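**Student:** based on what follows, work out the 3D shape:
(one chain, ligands or ions: 1)
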Amino acid sequence: MVVEERLNKIVESDGAVHLTLLDPDSQLPEVAGVIAQEATRGGTDAIMVGGSTGATGVAVDETVQAIKASCNLPVILFPGNAGGLSEKADAVFFMSLLNSRDINYIITNQAIGAPIVYKGGIEPISMAYIVIEPGGAAGWVGDARLIPRNKPKLAVAYSLAAKYLGMHYIYLEAGSGADKPVPVEMVAAVKNAVGTNRVIIGGGIRDGATARERVKAGADMIVTGTIVEEVDDVREKIEELVNAIKS
Ligand code: 1GP
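**Tutor:** Below is the predicted model:
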């Protein structure tokens, strides 16, 4: 519970957590290490490592190692399947893609991965993963029945199911690089329904104002990946995002 408690305490003290997502398929491990170091200086709270395609095995191991060597922040796995696990990470978002049509993404990969998490001593953080339109690669690979952007009630229904199943975190995902992030109305409706469960929002967030709107609507944690990999000045971009969401 070390990493989960740490994140929850930051939500309580700062109002929100910022998470930086690095996809091992997008850059070499040493570059990921440099980005993580700059993100740390910019004030991010933890580094997530994962992706829908190509984020497995050695690429994940080496990326986690490079990040661990370059900063002191917790490294949390965000695996696309059981192949995205690494014993070198501190924690894993132990997630089920609740609106998938494919049982592999709902429970089979989790069953295959669970003994690896157990033996490796990786902290599991129980999380529901719900993919919203447009959904991106996560939606396509995970064969998600995408929640329409204008149907917050459907997101609420899945989120309440996650809460009643005992999941701690609820991640509403618009897809990496999405042209539209999860709508604020949907964030508000979900947070209003689930109360104490932590709500994470990611996909298509590129600036402080967009992140702030979602925190004001009830998001506890904001994930940014693509923008951090694209900008020249990582530290400055992270500062913008962090300053926008912390109270
Ligand atoms: C993707 O939600 C994350 O799984 C982050 O999305 O890459 O668009 O920031 P971006």
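**Student:** distance from the longest strand anywhere in the chain to the middle of the chain?
**Tutor:** Counting by DSSP state E, the longest strand found in the chain is strand 123-131. Counting by C-alpha atoms, centre = their mean, to the nearest Å, strand 123-131 is centred 9 Å from the centre of its parent chain.
**Student:** helices or strands up against that strand?
**Tutor:** helix 2-14, strand 91-97, helix 136-141, helix 152-164, strand 169-173 (3 or more C-beta pairs under 8 Å, 6 or more residues apart in numbering; DSSP states H and E). Using the backbone N, CA and C atoms, a C-beta is placed for each residue, glycine as well.
**Student:** Lys246: which of the ones you listed is closest?
**Tutor:** helix 2-14 (4.5 Å; C-beta to C-beta).
**Student:** hey, C-alpha coordinates of the closest one in CSV?
**Tutor:** Taking C-alpha atoms only, helix 2-14 is exported to CSV below (Å, rounded to 0.1, in the frame of the first residue of the first chain):
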residue,chain,number,x,y,z
VAL,A,2,3.1,2.3,0.0
VAL,A,3,2.6,3.9,-3.4
GLU,A,4,-1.2,3.9,-3.2
GLU,A,5,-1.1,5.6,0.2
ARG,A,6,1.5,8.1,-1.1
LEU,A,7,-0.8,9.1,-4.0
ASN,A,8,-3.8,9.3,-1.8
LYS,A,9,-2.0,11.6,0.7
ILE,A,10,-1.0,13.9,-2.2
VAL,A,11,-4.6,14.1,-3.3
GLU,A,12,-5.5,15.1,0.2
SER,A,13,-2.7,17.6,0.6
ASP,A,14,-2.5,19.1,-2.9
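**Student:** helices or strands up against it?
**Tutor:** Using 3+ C-beta pairs under 8 Å, 6+ apart: helix 2-14 touches strand 17-22, strand 46-49, strand 91-97, strand 123-131, strand 198-202.
**Student:** compare the ones you listed and give me the one nearest the ligand.
**Tutor:** strand 198-202 (2.4 Å; C-beta to the nearest ligand atom).
**Student:** number of residues surrounding the residue lying closest to His168 once chain neighbours are set aside?
**Tutor:** Using C-beta to C-beta, 6 or more residues apart in numbering and skipping the chain neighbours, the partner closest in space to His168 is Ser126 (4.7 Å). Neighbour count for Ser126, taken as other C-beta atoms under 10 Å: 15.
**Student:** tell me who's in contact with Ser126.
**Tutor:** Residues in contact with Ser126 (C-beta atoms under 8 Å, 6 or more residues apart in numbering) are Phe94, Gly166, Met167, His168, Tyr169.
**Student:** show me what it bridges to in the sheet.
**Tutor:** When assigned by DSSP bridges, Ser126 has beta-bridge partners Phe94.
**Student:** give me the distance between it and Ile35.
**Tutor:** To Ile35, Ser126 is 28 Å away according to C-beta to C-beta, to the nearest Å.
**Student:** okay, the helices and strands packed on strand 123-131 in CSV with distance to Met48 next?
**Tutor:** Shown next, in CSV, are these (distance: least, C-beta to C-beta, whole Å):
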stretch, distance to Met48
helix 2-14, 11
strand 91-97, 7
helix 136-141, 13
helix 152-164, 19
strand 169-173, 10
